[in-house]
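Visitor: following is a predicted model, sequence given first.
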Amino acid sequence: DAGVIQSPRHEVTEMGQEVTLRCKPISGHNSLFWYRQTMMRGLELLIYFNNNVPIDDSGMPEDRFSAKMPNASFSTLKIQPSEPRDSAVYFCASFAGAEKLFFGSGTQLSVL
Amino acid sequence: GNSVTQMEGPVTLSEEAFLTINCTYTATGYPSLFWYVQYPGEGLQLLLKATKADDKGSNKGFEATYRKETTSFHLEKGSVQVSDSAVYFCALRNGNQFYFGTGTSLTVIP
C-alpha cells in the first residue's frame, strides 16, 4: 500500500489566492483527519470525516477554510482567500479503527 | 474532556544518555495511549502504543507504561542515538478521535 498520499508537498502562494490541498487516504480506511502544524500551536485538528461525512469541524479556524470528502478515496482542504498566518504544514491522516493513525508526508504551505 | 500534556522542549542529550519525556493525560472513559515520532520533513509515524492500564508499549529501545493511577504515559529510552533526533508526540485515542500533545523536540549530539 502506498500509504496516505498528499499533494502538493510544497505550495508557495501570494496572500489572497485560493489554495487547495489534496489527500488520498489508505484504501479501506473510513476515517480521515486534517491537521495543521505550526511552531507556535503544535499539531491542531482541523476537521475529521467518518465515512465521508464531516463529524467534527470545530477546529477549522474560520470561514476561509473548507474541507470536502466527495468519496472514500479523496479529500480536499481549501483556503480562500489565503493569508500569511495560514503558513504551516498541513497533514492528512487516515484510520481504519484498528488503533493506528496513518499520516501523509504533509504539505508545506507558505503564503507570502 | 480529553487532552494530553507533554513536557516542553527542546531536549538536547549526548549520545548514550538516558531519555525521559513526560506525558500526562485527561480522558473520559478508557483511552488508548500512543507515542508518535516525526523525523525532519516527514509525517508522524507510530512509535509505540498501549491499550489498557499497566500495558507497556515498546519499540526500537523506547518504552512507555500506561499508568492509570497517575494518568501518565512517560516515554523512556536507556541509551539514545543520534538517529533518535526527532519530535515526539504523546497522544490518546478515545473512540475515533485522537488528541495529540504539542510535541517535544529531541536532539542527540555525538
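Guide: On my side now, so go ahead.

Visitor: what's the neighbour count on residue 24?
Guide: Reading this off chain A. 18 (other Cβ atoms under 10 Å in any protein chain shown). The C-beta positions use only the backbone N, C-alpha and C, and glycine is treated the same way.

Visitor: chain B, not that one
Guide: With other Cβ under 10 Å as criterion, B:Thr24 counts 17.

Visitor: just checking, A:Ser27 touches A:Ser73?
Guide: Yes - counting by Cβ atoms under 8 Å, A:Ser27 touches A:Ser73, with 6.9 Å between them.

Visitor: neighbour count for these two, which is higher?
Guide: A:Ser73 (15 against 11).

Visitor: the more buried one: what's it in contact with?
Guide: Each residue near A:Ser73 by Cβ atoms under 8 Å, 6 or more residues apart in numbering or on different chains is listed here: A:24-25, A:27.

Visitor: for B:Ser83, give me phi and psi.
Guide: phi -70, psi -10 (degrees, to the nearest 10).

Visitor: who's B:Val87 bridged to?
Guide: Residues in a beta bridge with B:Val87, per DSSP bridges, are B:Gln38, B:Ser105.

Visitor: go on, the one 10 residues further on?
Guide: Partner residues in beta bridges with B:Gln97, using DSSP bridges, are B:Asn94.

Visitor: the helix or strand bottoming out on mean pLDDT in chain B - contacts with which helices or strands?
Guide: Lowest by mean pLDDT, DSSP states H and E among the helices and strands of chain B is strand B:97-100, with a mean of 88. Judged by 3 or more Cβ pairs under 8 Å, 6 or more residues apart in numbering or on different chains; DSSP states H and E, the packing partners of strand B:97-100 are strand A:42-50, strand B:3-6, strand B:86-94.

Visitor: and chain A, which residues reach chain B?
Guide: A:4, A:31, A:33, A:35, A:41-43, A:45, A:48, A:50, A:55-56, A:91, A:93, A:95, A:97, A:99-101, A:103-106 (Cβ under 8 Å from any Cβ of the partner chain).

Visitor: what about burial for those residues, which qualify?
Guide: Buried subset of the residues of chain A next to chain B (neighbour count, 16 or more other Cβ atoms under 10 Å in any protein chain shown): A:4, A:31, A:33, A:35, A:42-43, A:45, A:48, A:50, A:91, A:93, A:95, A:101, A:103-106.
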